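Visitor: Need a 3D model of the following:
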Amino acid sequence: MALEPLELPGLPLEIFLLVCSHLSPTEARSLRLCCKHLAYIGACHLFREIVVHLYKPSLANLRALADHPIISKNIKTLFYEAGSLVFNNGDPYDDLVHPEDSFSPSDYWDYWCTTEISRDRQRVYDSKNNWLPSGAFEHDPITYGDLKENYGQYVDAVRNQAQISWDGEDFSLFEEVIPKLEGLKEIIVNHGRPDHPSPYDCFFKQPGSQVNSRQLQAVLFGLSGTEIQLHSLCAMRLSSNIINAPFFNQMAISCKELKAISLDFRTRVNWVDEFYIPTYPLCIQDTRRMVDTGVIRLFLTQLSNLERLSLGFDPESPRWLLVNEMYPASLRSLVPPTFLWKNLREVQLSYVETQRQELFNFFERHRSTLKVVRLNHCKLTTTSWIKLLWQMKGALDLGDICISGRLLGQFESEEDHTGFEYDPHTPVRQDWWLGVPKTTTQDSSLTDDITAWFLHDAPFPLVPGVQRRHQHPSLYLPDDESP
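Guide: A predicted model of the protein is given here:
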C-alpha cells in the first residue's frame, strides 16, 4: 500500500520557528534533511552558538557561516577560542616573534617534558590523529624518536597560527564577518586553555599558556561601526597591559547596550634573565597603577543597562600574591562611590581590596535588584569581614552568595577578637582560607558554611578557633604551613 505524502499543516512559519527553538543542534541538523521548509527552520536554530578557534580552517568556516543568508542572521553567541600557542617559551603575538624563526633544541626538550603530564597525555592519546607511532604511550615520558613527527606538526601549527597575526588576517576577518551576524547578542573570547574540543588537542602543549588581548581587540575592531546591539561580553585571560584609555574607549563605542560584562585580567610577569627571578612586585604595582587611572570605572559607568558585572585580576602566580598580600585592584578604582546600576542582579569580584563600609555601601545601593554575590580572594584593608558579613545578611535579600579563597581583614576596635589570634605580633589580623565550593570529591569548606549561614540560617562559621580550613595549601599557603 502506497504511503500518502506528508504535508505540513497550514500553520504560520512563526509557530514552527517557536516550536523548533527547543531543538538541540543535533536535532536541528536532522530536521534540515526533511524538506525545504524544515531545512529553513533548522538552519535558524542549528548555529545559535558557534565556536571558532584561532586556526585557519576554523576561521574559514566562520566566513562561510557569515555568508549563509539564513544562518548568519540567527547566530546569537560567538565563542572564540583565541589562545595562542607558545614559541620559544613566549607568545608569538605579544613578543612579535617572526613565524619563520627556527626552533631551538631547548624548545624540543621543553615540549618533550610535557609528555609526562597525565592530563596532556590522555588528551593526546584520545585524539584521532596525533602523529605518534603505535606503542608510543608505553613510555613515560615519550621517547625523543617517537615524538619527532608530533613535534614537527606542532611547530607548523605555531607558525601557521602566528602567520594569522603577522598578516593581519584576524582583524580583516572580523571586520568582514561580524557586520553580517545581525542577530549576534553575546561574544566570549577565551585567551586561555580551550573550553571546547580543539584542533590543537593532538599536541602536548595547549594554547593559552600566555596572557593575551589581541584577539579581543580584533573582535572589537570588527564590531565597531556596526548596528549590532551586543548584550553580553566575556573576555578571559586578558593581559593587564590593555588597561588604558584607547582600548576602553574603543570598547565603549561598541558595547554601550551591554547587560553583562565579564573581564578576567591576568597580571603578566616579566622575568629577570640574569637572576631568573620574576619581578612580581613591579608587575603588580604596574597593574595597580593602570587600574587606578580610572579607565575601567569610566567605561563601566557608560553601561547603564548592566545586570551582571564580573571583574577579576588574578595574578599568574596566586601563591606569591597571597603570601605577599599585594592586590592588583581596589574597588574605588572600579566603581564610583555613588553610582547606581538600576538593573544590577549579579556581582563577582576577584583579587580586589576595599574597606568594609565601601563594599557594603556598593551592595546596599543595589539591594532592590541584587541577587547574587561572588567574592574570591578579596581583602578588607583595615576593617572586619565578620562585621561586613553580618551587615550584608541584615540588609540584602540574595538568592546565592559565594565567598571563596583567602580572606584578609582586621578586627575593628570595638570587636572582641579573643581566640582569633593568627599571629601574636598582629592580634587584630583576620586571615581565613575559605576554600572553594564543595564538589562531589571534596569535603565542605568554609565557603559552603558561609553560604549555608547566609541563606539557610546555619551557625555562623567564622568563630574563635576557626581561622583556616586547608584545601589547596601547596598552592595558596607558604611551604611551612602545608600539612
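Visitor: Based on its surroundings, how many neighbours for Glu118?
Guide: Quick fix: residue 118 is Ser, not Glu. Using other CB atoms under 10 Å, Ser118 has 8 neighbouring residues. Glycine gets a C-beta too; all of them are placed from N, C-alpha and C.
Visitor: Which pLDDT does the model give it?
Guide: Each residue has a pLDDT score; the one for Ser118 is 92.
Visitor: What does it show for phi and psi?
Guide: Per-residue torsions, Ser118: phi -60, psi -40 (degrees, to the nearest 10).
Visitor: chain center to the helix or strand harbouring Ser165, what's the gap?
Guide: Using DSSP states H and E, Ser165 maps to helix 144-166. From the chain centre to the centre of helix 144-166 is a distance of 26 Å (CA atoms, centre = their mean, to the nearest Å).
Visitor: ok, now stretch 257-265?
Guide: 11 Å.
Visitor: just stretch 154-171 next, same as before
Guide: For stretch 154-171, the distance to the chain centre is 23 Å (CA atoms, centre = their mean).
Visitor: Neighbours of the closest residue to Gln302 other than its chain neighbours, how many?
Guide: Distances taken as CB to CB, 6 or more residues apart in numbering put Ala252 closest to Gln302, at 5.1 Å, once the chain neighbours are dropped. The tally of other residues near Ala252 (other CB under 10 Å) stands at 17.
Visitor: Can you pull out the residues in contact with stretch 184-194?
Guide: 53, 75-84, 178, 200-201, 206-209, 211-213, 215-216, 219, 223, 228-238 (CB atoms under 8 Å, 6 or more residues apart in numbering).
Visitor: Pull out the buried residues from those residues.
Guide: 53, 75-84, 178, 200-201, 206-209, 211-213, 215-216, 219, 223, 228, 230-238 (16 or more other CB atoms under 10 Å).
Visitor: Identify those among those residues that sit within helices.
Guide: Gln215, Leu216, Val219, Leu223 (DSSP state H).
Visitor: any chance of those in JSON lines, plus pLDDT?
Guide: Output for those, formatted as JSON lines (pLDDT from 0 to 100):
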{"residue": "Gln215", "pLDDT": "92"}
{"residue": "Leu216", "pLDDT": "94"}
{"residue": "Val219", "pLDDT": "96"}
{"residue": "Leu223", "pLDDT": "94"}
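Visitor: okay, those in a markdown table with distance to Leu340 next?
Guide: Shown next, in a markdown table, are those (distance: CB to CB, whole Å):
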| residue | distance to Leu340 |
| --- | --- |
| Gln215 | 33 |
| Leu216 | 28 |
| Val219 | 30 |
| Leu223 | 27 |
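Visitor: quick one: which of these is nearest Pro133?
Guide: Gln215 (34.8 Å; CB to CB).
Visitor: Now the closest one. Nearest residue, chain neighbours left out?
Guide: Using CB to CB, 6+ apart, the nearest residue to Gln215 is Ala82, at 3.4 Å.
Visitor: State the distance from that neighbour to Gly208.
Guide: Using CB to CB, to the nearest Å, one gets 8 Å for the distance from Ala82 to Gly208.
Visitor: next one: Glu175
Guide: For Glu175, the distance to Gly208 equals 24 Å [CB to CB].
Visitor: for Ser198, same thing?
Guide: 10 Å.
Visitor: List the buried residues of stretch 391-403.
Guide: Buried, per 16+ other CB under 10 Å, within stretch 391-403: Gln391, Met392, Lys393, Leu396, Leu398, Ile401, Cys402, Ile403.
Visitor: Now the first one: which helix or strand?
Guide: Following DSSP H and E, the helix or strand that holds Gln391 is helix 385-395.
Visitor: Any chance you could list what contacts that helix?
Guide: Against helix 385-395 from outside (CB under 8 Å, 6+ apart): 356, 359-360, 363-364, 367, 373, 380, 401, 403, 407, 409, 411-412, 415, 430, 432, 450, 453-454, 460, 462.
Visitor: Which among those residues count as buried?
Guide: Of the contacts of helix 385-395, these count as buried by 16+ other CB under 10 Å: 356, 359-360, 363, 373, 380, 401, 403, 407, 409, 411, 430, 432, 450, 453-454, 462.
Visitor: Just the endpoints, please. Distance across stretch 416-434?
Guide: With CA to CA, to the nearest Å as the measure, stretch 416-434 spans 21 Å from end to end.
Visitor: Tell me which helix or strand in this protein has the weakest average pLDDT.
Guide: Across the helices and strands of the chain, mean pLDDT, DSSP states H and E gives its lowest value to helix 473-476, namely a mean of 41.
Visitor: any idea how far Gln229 is from Glu175?
Guide: Note on Gln229: its distance to Glu175, by CB to CB, is 19 Å.
Visitor: do Trp390 as well
Guide: 52 Å.
Visitor: Of those two, give the one with the bigger neighbour count.
Guide: Comparing Trp390 with Glu175 by other CB under 10 Å, the one with more neighbours is Glu175, at 17 against 13.
Visitor: I figured the more buried one hits Leu223, correct?
Guide: No - applying CB atoms under 8 Å, one finds Glu175 not in contact with Leu223, separated by 9.3 Å.
Visitor: which residues are common contacts for these two?
Guide: Joint contacts of Glu175 and Leu223 (CB under 8 Å, 6+ apart) do not exist.
Visitor: Next one: the residue nearest the centre of the chain relative to Gly225, how far apart?
Guide: By CA atoms, centre = their mean, the chain has its centre lying nearest to Met236, at 3.3 Å. From Met236 across to Gly225, the span is 25 Å (CB to CB).
Visitor: With Lys205 instead?
Guide: 37 Å.
Visitor: Repeat that for Tyr111.
Guide: Tyr111 is 42 Å from Gly225, by CB to CB.
Visitor: do the same with Gln250
Guide: When Gln250 is compared with Gly225 (using CB to CB), they lie 11 Å apart.
Visitor: Comparing those two, which shows the higher neighbour count?
Guide: Legend: neighbour count by other CB under 10 Å for Gln250 and Gly225, higher for Gln250 (15 against 12).
Visitor: ok, and the closest non-adjacent residue to that one?
Guide: Closest to Gln250 by CB to CB, 6+ apart is Leu220, at 5.7 Å.
Visitor: The one you found against Ser254, yeah?
Guide: Yes - using CB under 8 Å, Leu220 is in contact with Ser254, at 5.9 Å.
Visitor: on that earlier part again, most widely separated two among the buried residues of stretch 391-403?
Guide: Gln391 and Cys402 (17.7 Å).
Visitor: quick one on the thing from earlier: how far away from the center of its chain is the helix holding Gln391?
Guide: For helix 385-395 - counting by CA atoms, centre = their mean - the centre lies 29 Å from the chain centre.
Visitor: Output that helix as PDB, nothing but the C-alphas.
Guide: The C-alpha trace of helix 385-395 is given here as PDB (Å, rounded to 0.1, in the frame of the first residue of the first chain):
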ATOM      1  CA  TRP A 385      34.900  40.700  57.400                       C
ATOM      2  CA  ILE A 386      32.800  39.500  60.400                       C
ATOM      3  CA  LYS A 387      31.100  42.900  60.700                       C
ATOM      4  CA  LEU A 388      30.600  43.100  56.900                       C
ATOM      5  CA  LEU A 389      29.000  39.600  56.600                       C
ATOM      6  CA  TRP A 390      26.500  40.400  59.400                       C
ATOM      7  CA  GLN A 391      25.700  43.800  57.700                       C
ATOM      8  CA  MET A 392      25.100  42.000  54.400                       C
ATOM      9  CA  LYS A 393      22.900  39.400  55.900                       C
ATOM     10  CA  GLY A 394      20.700  42.000  57.600                       C
ATOM     11  CA  ALA A 395      20.400  44.200  54.500                       C
END
